[in-house]
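Chemist: Have a look at this prediction, sequence included:
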Amino acid sequence: MTSTLDTLLTEREKDLHLGILDEGAKREIRRATLTAVCVPGYQVPFGSREMPVARGWGSGGLQVTLGVIGADDTVKVIDQGDDAGVNATNLRRMIAATTGCAGTADTREATIVQTRHRVPEERLREGQVLVLQVPVPEPLRGVEKSVVECARMHAEGDYSAMWVSLYEDLVRNGMITRTTGYPVLVGGRYVLATTPIPRWDVPRLHESEHLSLFGAGREKRIYAIPPHTDVRPLTFDDVPFEVEHAPGARCVLCGSDDVFLVEAGTTGAYACSDTEWCARVREGDADTEAHHARAPLHLLPDPSARLRAPATTTARPGRPRPVLPEGQDWALRVDGLGKVFGPGAADAVPGTGPEHGTAISPATGAIVAAWDVSFDVAPGEALGVIGESGSGKSTVLGCVIGDEQATTGAVRLAALDEGRTDLLTLPGDARRRLRVDSMAVVHQNPAAGLDLRVTAGGNIAERLTAAGWRSYHDIRRRAAELLDRVEVPLTRMDDPVRTFSGGMRQRVQIAKALATEPPVLLLDEPTTGLDASVAAGVLDLLRGLLAERDIAAVVVSHDFAVIEALTDRTLVMQLGRVVERGLTDQLFHDPHHPYTQRLVAAARR
Ligand SMILES: Nc1ncnc2c1ncn2[C@@H]1O[C@H](COP(=O)(O)OP(=O)(O)OP(=O)(O)O)[C@@H](O)[C@H]1O
């Protein structure tokens, strides 16, 4: 490679250290690298040219190395721990030839170590840079397909889906089987997956003296772990993090048993994956004592400790129930809520509503989906919102939970700041957090509230881990308790929800909504779409649950039978306005508004 380049380059070109990456692209990579160092674990996008190297050469790592290297550097390149493989040898030669830096196989001499799959066994020092080629940079990719949603999850530190994937691995296999790509929390903030390296090397990233740079060529992302950064594998409190190990295994060449070993041949023998370290141990040129002291041997697996329920359960995180301030008897309060789809806001309202027979504004053409809607709900009370299709019920619910941006009004929760804060003034992330433990929703379609690919227990684990639960056994116990309460057979707890019937899915959704005992529960057509007998069972269940808990519930339905079964008071909505309100049984037996009379007559048929 060197000689080919030598013949191709003129002396002037050699002086300029012309490489395969132009100066503009290098500057872009340096800019991204600096940002990555400033925000540990954050994936920084960068623009670059396509690299003239084949896939598998690790163009991401190569670009980072070429972006940060200078002629005074000494580069070491390893592939699968080996300096002498074709890939590593060619890359080292190419980097040296095109930048004028020196090449080495000795980790102690290197200023930059470009690697795939391993962190060297030799401890890296301050001033050294480890560049990792990353095939899949997005740790959430396995659990979330949408790029936008992944960005939101990182922005909000919402990693419950990642916890669920660990939970499901434990359920399926009795241990966490993920080796490369183990998720770690960097600097207490961003989760990244250590895609290229085995679990054995993960502890080496924690509080390291060296700088680690991760480069993903295809996705064009760079991220960094600066020196002295806290890097912790995501681990349940009661399931220890383990590193890979075959019992009794040691290297056939140097005898080491405190290194990352790979199978050698078909005879069950093992050898050091780090070939440089192995050679130096044999030559007596390695500080094996210092290496042994910091090898992650305390993290070797102890099968006898796996998945045994702990003697005592850890404390369950959760908010204490708010004590309502003097004179305040509501858990949820909505004042003057309005939502206009289209131009005009309040100017669109005149000429709409039941007395005009339309929700469409004659002035602006906007749809006044809801206007001047006010109500409150006390703990232990259930409020019904009934109306025909298009009357604005879902819009009101959407504005309360934050799926819709209200045009006007205020929504308060006693659980938040004793009801002083108007939820409508909060940013989206704060409103989404409220849905973890303050205000749960049961959707008409279970797919909107559940991940159908995940098990029933895993769906409940998602809510619990979002609320901060970190004990695997406590999560299992709580999920079993809830599923038992909603009458889902415990034999189905570890089955994916997609294998469940509609009624069972709805029961799992209800169990998930109740998991963190939220003070407010919003039910959006909870039985619509179910067969009559199945719907009756779900209604019975909900009635029992609401009666035994101190929850404030809002039940939205077009069906008076559902409202009658579940609620104490009811609002009747028509064309975006509340046309009647009162005690549910009174409304049912003595409806005043002609529209309410129609709804009651329909329910009696
Ligand atoms: N995103 C939107 N853009 C424009 N108009 C909308 C939008 N969402 C709802 N609307 C309109 O607002 C009005 C109220 O709709 P909403 O869905 O709240 O009624 P609903 O009573 O919940 O009906 P359903 O029971 O069918 O869900 C309807 O006229 C509807 O067409």
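Modeler: That came in fine, so what should we check first?

Chemist: contacts and neighbour counts: CA atoms only from here.
Modeler: Will do.

Chemist: Residue 509 against residue 449, yeah?
Modeler: Yes: assessed by CA atoms under 8 Å, residue 509 is found in contact with residue 449 at 6.3 Å.

Chemist: Please say which of the two ends up with more neighbours.
Modeler: Using other CA atoms under 10 Å, the more surrounded residue of residue 509 and residue 449 is residue 509, with 30 against 20.

Chemist: who touches the closest residue to the ligand within the stretch 151-300 of the chain in this structure?
Modeler: Of all residues in the stretch 151-300 of the chain, the one sitting closest to the ligand is residue 152 (21.7 Å; CA to the nearest ligand atom). Residue 152 makes contacts with residue 158, as judged by CA atoms under 8 Å, 6 or more residues apart in numbering.

Chemist: Spell out the secondary structure type for it.
Modeler: Under DSSP: H, G, I helix; E, B strand; the rest coil, residue 152 falls in the helix class.

Chemist: Please apply the same query to residue 412.
Modeler: strand.

Chemist: before we move on, back to that, need the residues touching each of residue 509 and residue 449.
Modeler: residue 442.

Chemist: Please name the nearest non-neighbouring residue to residue 514.
Modeler: The shortest distance from residue 514 to any non-neighbouring residue, by CA to CA, 6 or more residues apart in numbering, is to residue 440 (7.4 Å).

Chemist: Provide the backbone phi and psi angles at the one you found.
Modeler: The phi/psi pair for residue 440 (degrees, to the nearest 10) reads phi -100, psi 150.

Chemist: In the stretch 201-350 of the chain, what residue lies closest to the ligand?
Modeler: Residue nearest to the ligand within the stretch 201-350 of the chain: residue 341 (4.9 Å; CA to the nearest ligand atom).

Chemist: For the residue nearest to residue 514, list the residues it contacts.
Modeler: By CA under 8 Å, 6+ apart, the contact list for residue 440 reads 513-514, 518, 520-522.

Chemist: Redo those as JSON lines? Include distance to residue 89 and neighbour count.
Modeler: Below are the contacts of residue 440 laid out as JSON lines (distance: CA to CA, whole Å; neighbours: other CA atoms under 10 Å):
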{"residue": "513", "distance to residue 89": "56", "neighbour count": "27"}
{"residue": "514", "distance to residue 89": "58", "neighbour count": "24"}
{"residue": "518", "distance to residue 89": "59", "neighbour count": "23"}
{"residue": "520", "distance to residue 89": "63", "neighbour count": "29"}
{"residue": "521", "distance to residue 89": "62", "neighbour count": "24"}
{"residue": "522", "distance to residue 89": "62", "neighbour count": "22"}
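
Chemist: Could you dump those into TSV and include pLDDT, secondary structure and distance to the ligand?
Modeler: As requested, these are exported to TSV (pLDDT from 0 to 100; DSSP: H, G, I helix; E, B strand; the rest coil; distance: CA to the nearest ligand atom, whole Å):
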residue	pLDDT	secondary structure	distance to the ligand
513	95	helix	21
514	94	helix	23
518	94	coil	23
520	96	strand	20
521	96	strand	17
522	97	strand	13
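
Chemist: Closest one of the residues you listed to residue 422?
Modeler: Ranking the contacts of residue 440 by separation from residue 422, with CA to CA as the measure, puts residue 520 on top at 15.6 Å.

Chemist: so the closest one makes contact with residue 439?
Modeler: Yes: with contact defined as CA under 8 Å, residue 520 counts as touching residue 439 (4.7 Å).

Chemist: what's the distance between the closest residue to residue 362 other than its chain neighbours and residue 252?
Modeler: Once flanking residues are discounted, residue 362 sits nearest to residue 351: 6.3 Å by CA to CA, 6+ apart. Applying CA to CA, to the nearest Å, the value for residue 351 to residue 252 is 88 Å.

Chemist: quick one: low-confidence parts of this protein?
Modeler: Within the chain, the set of residues satisfying pLDDT under 70 comprises 1-19, 52, 54-57, 305-328.

Chemist: can you tell me which residue is nearest the centre of it?
Modeler: Centroid check for the chain by CA atoms, centre = their mean gives residue 159 as the closest residue, at 3.0 Å.

Chemist: State the number of residues packed around residue 173.
Modeler: When neighbours are counted by other CA under 10 Å, residue 173 registers 9.

Chemist: So the residue of the stretch 201-350 of the chain closest to the ligand is in contact with residue 367, correct?
Modeler: Yes: contact between residue 341 and residue 367 holds when scored by CA under 8 Å: they sit 5.1 Å apart.

Chemist: out of these two, which sits in the more crowded spot?
Modeler: residue 367 (23 against 17).

Chemist: List the contacts of that one.
Modeler: When contacts are counted by CA under 8 Å, 6+ apart, residue 367 touches 340-342, 359-361.

Chemist: Count residues in the vicinity of the closest residue to it other than its chain neighbours, would you?
Modeler: Distance criterion CA to CA, 6+ apart; nearest residue to residue 367, sequence neighbours excluded, is residue 360 at 4.6 Å. Close neighbours of residue 360, defined as other CA under 10 Å, add up to 23.

Chemist: Residue 360 and residue 353, how far apart?
Modeler: Relative to residue 353, and taking CA to CA, residue 360 is found at 9 Å.

Chemist: all helices of the stretch 301-450 of the chain, in order?
Modeler: 393-401, 428-437, 446-449 (DSSP state H, counting those that start in this stretch).

Chemist: Mind putting these into a markdown table with distance to residue 232?
Modeler: Below are these laid out as a markdown table (distance: least, CA to CA, whole Å):
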| stretch | distance to residue 232 |
| --- | --- |
| helix 393-401 | 34 |
| helix 428-437 | 24 |
| helix 446-449 | 30 |
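
Chemist: Out of these, flag the one nearest the ligand.
Modeler: The ligand sits nearest to helix 393-401 of all these, at 3.4 Å, using CA to the nearest ligand atom.

Chemist: Near the ligand, which residues of this structure are found?
Modeler: Contact residues, the chain versus the ligand (CA under 6 Å from any ligand atom): 341, 367, 369, 387-395.

Chemist: List buried residues within the residues you listed.
Modeler: Buried members of the residues of the chain next to the ligand, scored by 16 or more other CA atoms under 10 Å, are 341, 367, 369, 387-388, 390-395.

Chemist: in the sheet, who's paired with the residue nearest to residue 514?
Modeler: residue 521 (DSSP bridges).

Chemist: which residues in the stretch 151-300 of the chain form helices?
Modeler: For the stretch 151-300 of the chain, the helices defined by DSSP H, counting those that start in this stretch cover 160-173, 275-283, 288-294.

Chemist: Single out the most deeply packed of those helices.
Modeler: Counting by mean count of other CA atoms under 10 Å, helix 160-173 has the highest mean neighbour count of the helices of the stretch 151-300 of the chain, with a mean of 19.

Chemist: For that helix, which helices and strands make contact with it?
Modeler: Applying 3 or more CA pairs under 8 Å, 6 or more residues apart in numbering; DSSP states H and E, one finds that helix 160-173 contacts helix 456-466.

Chemist: Pull the CA coordinates from the helix it packs on and hand them back as PDB.
Modeler: Taking Å, rounded to 0.1, in the frame of the first residue of the first chain, the C-alpha atoms of helix 456-466 are listed here in PDB:
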ATOM      1  CA  ALA A 456     -48.100  -8.300  28.900                       C
ATOM      2  CA  GLY A 457     -45.600  -8.000  31.800                       C
ATOM      3  CA  GLY A 458     -43.200  -6.000  29.600                       C
ATOM      4  CA  ASN A 459     -45.900  -3.500  28.800                       C
ATOM      5  CA  ILE A 460     -46.500  -2.900  32.500                       C
ATOM      6  CA  ALA A 461     -42.700  -2.800  33.000                       C
ATOM      7  CA  GLU A 462     -42.500   0.000  30.500                       C
ATOM      8  CA  ARG A 463     -44.700   2.200  32.700                       C
ATOM      9  CA  LEU A 464     -42.900   1.100  35.900                       C
ATOM     10  CA  THR A 465     -39.400   1.700  34.600                       C
ATOM     11  CA  ALA A 466     -40.500   5.100  33.300                       C
END
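
Chemist: Look at the residue of the stretch 451-600 of the chain found nearest the ligand and say how many residues are nearby.
Modeler: The minimum distance from the stretch 451-600 of the chain to the ligand, using CA to the nearest ligand atom, falls at residue 558 (6.0 Å). Neighbour count for residue 558, taken as other CA under 10 Å: 23.
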